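Engineer: Test case, fold it:
(2 chains)
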Amino acid sequence: MVEALLSVNHLRTALPERRGGRRRREVEYHEIVRGVSFHLQPGKVLGIIGESGSGKSATCLSILRLFRQATIQGSVQLAGTEITQLKEAEMRLIRGRQIGMILQNPASFFNPIASIGQQFVDTLQSHQSLTRSTARSIATDHLAAVGLTGPQQLLQQFPFQLSGGMLQRVMIAIALALQPKVLIADEPTTALDVITQMQILQLLDQLQQQTHCAILLVTHDLGVIAQLADDVAVMYNGEFVEQSPVAQLFDRPQHPYTRSLFAARLSHRREGGR
Amino acid sequence: MPLLRRLLQHKIAWIGLSLIAVIVFTALFAPVIAPHDPLQVDLMQKLQPASFTYPLGTDHLGRCILSRLIYGSRVSLSVAFIVVSLTMTISLVIGMVAGYVGGKVDTCLMRICDVFLAFPSLILSLAVVGILGGGLFNLVLALVASHWAWYARIVRSRVLSVKESDFVKAAIVSGTRRLPLMLRHIVPYTLAELAILASLDLSHMIMHIAGLSFLGLGIQPPTPEWGAMLNDGRDFFRGAPSIMFYPGLMIFIVSLSFNLVGDALRDALDPRTERRVQVETLTSKLQNG
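Structural biologist: The predicted structure is shown next:
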């Protein structure tokens, strides 16, 4: 077995919840991730699927330590190094460079008052010492690689001038420009229409083949999982209820929750009938 | 510059801006414009009415009132600008730290803010000047001390809301350093509000400076300053009201024009007042019943 690139063991995340009146400053912890473990091999795609509020995004944010108030237990190892105990400054070097992330809503990913080029260049320059012109040419290359036409003009434009699909492509381009070993895609296609979704998924697939980065794909869409993932973890109420290769999950779902998830799929036939 | 264009479409802004332009112009070229030396005492000419040599007459020491008014605009404007820019800088830093770092730091800084907010600003600045004594430096210090807390509050609340937006998270996710993150993604969003507050506050500052100088705690004589001139004219009000009238008029005009510009700036920066947006909101409301 190949050594895991990202290995998460018994990850537990709890958010503080203030209870009681003003007098009693009792803080109760509400666990939103309860002992999640998985191992991500280089070049593989692990899909995490589950309903809204099941803790999918919380898992991703915990890995990158983006929760401010939460207490996080368990271990997260990146290529053998424990990253849960790292200082904030060391963590910064991992974010983006080692573990990239693309977010759900491309429209809010960008700062509305800065041009695409500026944001792209800033991201590159925060990790590598590059001159502005080199950074710009790298940006142009990556924008072309994600299938955007006229990358030069695109750099001058502002986020609100682009469509959702284009922004999603730009977001992927920025995330991959830093050549992360692991890419966390938190519902990358939820905000898009089906055709754009298809294109983005194909693009992700193609880029993943080229760069050999491992992807942690979070979604609530079974179709997306079927398209991209090698392994699937089904998440329910902060726990992984089932974890298996994608073909096995689709053919022989083990856990009752997984079966109900499959049953909830939309289809044109009215199964069961009224 | 769409902002400037929108500002210039505002008719009232025109009045305010042109008044300010005239005053700034006279302040900059005071030595050229002023007919006399504002400090030159000529007791033979004291309390003269308006004449060709002294367009607005002379005061009790025979100094040209017009020249003193012109030189006085230098003091008022420069001190007001210095105070406002210092206040903005200090409060930007404090509000930023409080809002971004949060937790205990935030609580501490905001409680200090509360202490400063608890005193009326005139009382606070009186106390500072009273302890430290008059003079230009202490005046600036007093005004900054009595105003920074308002600004810091506004910056902090703005930072708190921008901090939670997705693009700030995205910037953290892509490993941006803390300082660039603040400067590039958070500060720009606080500036619009600060600018409005500052432009409205400039007139307030000018009155405040005049007020303290009137009480003899601000700019010290013989430096020409409008508030101090008002005070000088007090004893001669019955015989020569013009000594008090003209400085008062200047304070009035300047603070009025800054207020007008501030109002116009607020309108220009507020998207809700834009006609296009209003029409769109109206149509969408009509469509939705």
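
Engineer: Of all the residues in the strand or helix carrying residue B:21, which ones are buried?
Structural biologist: Here residue B:21, judged by DSSP states H and E, is contained in helix B:11-28. Neighbour-count burial for helix B:11-28, with 16 or more other C-beta atoms under 10 Å in any protein chain shown as criterion, is recorded at B:13, B:16-17, B:19-20, B:23, B:26-27. (C-beta placed from N, C-alpha, C; glycine too.)

Engineer: what's the answer for stretch A:10-20, then?
Structural biologist: Using 16+ other C-beta under 10 Å, the residues of stretch A:10-20 that count as buried are A:11-15.

Engineer: likewise stretch A:63-73?
Structural biologist: Neighbour-count burial for stretch A:63-73, counted by 16+ other C-beta under 10 Å, picks out A:63-67, A:70, A:72.

Engineer: Strands - which of those residues land there?
Structural biologist: When DSSP state E is applied, the buried residues of stretch A:63-73 are split such that residue A:72 fall in strands.

Engineer: can the buried residues of stretch A:63-73 go into a markdown table with extra columns for pLDDT?
Structural biologist: A markdown table is the format used below for the buried residues of stretch A:63-73 (pLDDT from 0 to 100):
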| residue | pLDDT |
| --- | --- |
| A:63 | 87 |
| A:64 | 86 |
| A:65 | 83 |
| A:66 | 81 |
| A:67 | 77 |
| A:70 | 79 |
| A:72 | 85 |
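
Engineer: Chain B next: which of the buried residues of stretch A:63-73 are close?
Structural biologist: Intersecting the buried residues of stretch A:63-73 with the surroundings of chain B, defined as C-beta under 8 Å from any C-beta of the partner chain, gives A:64, A:66.

Engineer: need the strands for the stretch 101-250 of chain A, in chain order.
Structural biologist: When assigned using DSSP state E, counting those that start in this stretch, the strands of the stretch 101-250 of chain A occupy the ranges A:182-186, A:214-219, A:231-236, A:239-245.

Engineer: So the shortest one, near chain B or not?
Structural biologist: No - where contact is defined by C-beta under 8 Å from any C-beta, no part of strand A:182-186 touches chain B; the two come within 8.5 Å at best.

Engineer: And that strand, what does it pack against?
Structural biologist: Contacts of strand A:182-186 with other secondary structure elements, assessed using 3 or more C-beta pairs under 8 Å, 6 or more residues apart in numbering or on different chains; DSSP states H and E, are made with helix A:56-63, strand A:99-102, strand A:214-219.

Engineer: Please identify the pairing partners of that strand and their relative orientation?
Structural biologist: strand A:99-102 (parallel), strand A:214-219 (parallel) (DSSP bridges).

Engineer: Let's have those strands in JSON lines, adding mean neighbour count.
Structural biologist: Listed next are those as JSON lines, based on neighbours: other C-beta atoms under 10 Å in any protein chain shown:
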{"stretch": "strand A:99-102", "mean neighbour count": "26"}
{"stretch": "strand A:214-219", "mean neighbour count": "25"}
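
Engineer: Would you convert the ones you listed into JSON lines that also reports distance to residue A:180 and mean pLDDT?
Structural biologist: Putting the strands paired with strand A:182-186 into JSON lines (distance: least, C-beta to C-beta, whole Å; pLDDT from 0 to 100) gives the following:
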{"stretch": "strand A:99-102", "distance to residue A:180": "3", "mean pLDDT": "88"}
{"stretch": "strand A:214-219", "distance to residue A:180": "9", "mean pLDDT": "90"}
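
Engineer: What separation is there between residue A:28 and chain B?
Structural biologist: Noted for residue A:28: a distance of 19 Å to chain B, by C-beta to the nearest C-beta, to the nearest Å.

Engineer: so that residue makes contact with residue A:15?
Structural biologist: No - at 9.8 Å, residue A:28 and residue A:15 do not qualify as touching, with contact defined as C-beta atoms under 8 Å.

Engineer: Just the closest of the buried residues of stretch A:10-20 to chain B, please.
Structural biologist: Of all these, chain B sits closest to residue A:15, with 14.9 Å by C-beta to the nearest C-beta.

Engineer: who's in contact with the helix or strand containing the closest one?
Structural biologist: Here residue A:15 sits within strand A:6-19, counting by DSSP H and E. With C-beta atoms under 8 Å, 6 or more residues apart in numbering or on different chains as the test, strand A:6-19 has contacts from A:25-40, A:55, A:58-59, A:62-63, A:67, A:69-79, A:99, A:182, A:214, A:216.

Engineer: 6 Å instead?
Structural biologist: A:26-33, A:35-40, A:58, A:62, A:69-78, A:182 (C-beta atoms under 6 Å, 6 or more residues apart in numbering or on different chains).

Engineer: What parts of the stretch 101-250 of chain B come near chain A?
Structural biologist: In this structure, the stretch 101-250 of chain B approaches chain A at residues B:166-167, B:170, B:173-177, B:185, B:188, judged by C-beta under 6 Å from any C-beta of the partner chain.

Engineer: Distance from stretch A:65-83 to the middle of the chain?
Structural biologist: Relative to the mean C-alpha coordinate of its chain, stretch A:65-83 is positioned 16 Å out (C-alpha atoms, centre = their mean, to the nearest Å).

Engineer: And it, end to end?
Structural biologist: Distances were taken as C-alpha to C-alpha, to the nearest Å; on that basis the terminal residues of stretch A:65-83 are 9 Å apart.

Engineer: The stretch 51-200 of chain A: helices as residue ranges?
Structural biologist: Here the stretch 51-200 of chain A has its helices, by DSSP state H, counting those that start in this stretch, at A:56-63, A:88-94, A:106-109, A:116-125, A:132-145, A:151-156, A:164-177, A:194-211.

Engineer: so what's the most centrally placed residue in chain B closest to, chain neighbours aside?
Structural biologist: By C-alpha atoms, centre = their mean, chain B has its centre lying nearest to residue B:202, at 1.5 Å. Using C-beta to C-beta, 6 or more residues apart in numbering or on different chains and skipping residues adjacent in sequence, the residue nearest residue B:202 is residue B:258, 4.4 Å away.

Engineer: Output the contacting helices and strands for the helix or strand harbouring residue B:156.
Structural biologist: Residue B:156 belongs to helix B:136-163 when elements are defined using DSSP H and E. Judged by 3 or more C-beta pairs under 6 Å, 6 or more residues apart in numbering or on different chains; DSSP states H and E, helix B:136-163 is in contact with helix B:65-101, helix B:103-118, helix B:121-132, helix B:187-214.

Engineer: Using PDB, write out every CA atom in the next helix or strand after that helix.
Structural biologist: Downstream of helix B:136-163, the first helix or strand assigned by DSSP H and E is helix B:166-173. As requested, the backbone C-alpha atoms of helix B:166-173 are provided in PDB (Å, rounded to 0.1, in the frame of the first residue of the first chain):
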ATOM      1  CA  ASP B 166     -16.100  34.500   1.800                       C
ATOM      2  CA  PHE B 167     -13.300  36.300   0.000                       C
ATOM      3  CA  VAL B 168     -11.500  36.900   3.200                       C
ATOM      4  CA  LYS B 169     -11.700  33.200   4.000                       C
ATOM      5  CA  ALA B 170     -10.600  32.400   0.500                       C
ATOM      6  CA  ALA B 171      -7.600  34.600   1.000                       C
ATOM      7  CA  ILE B 172      -6.700  32.800   4.200                       C
ATOM      8  CA  VAL B 173      -7.200  29.500   2.400                       C
END
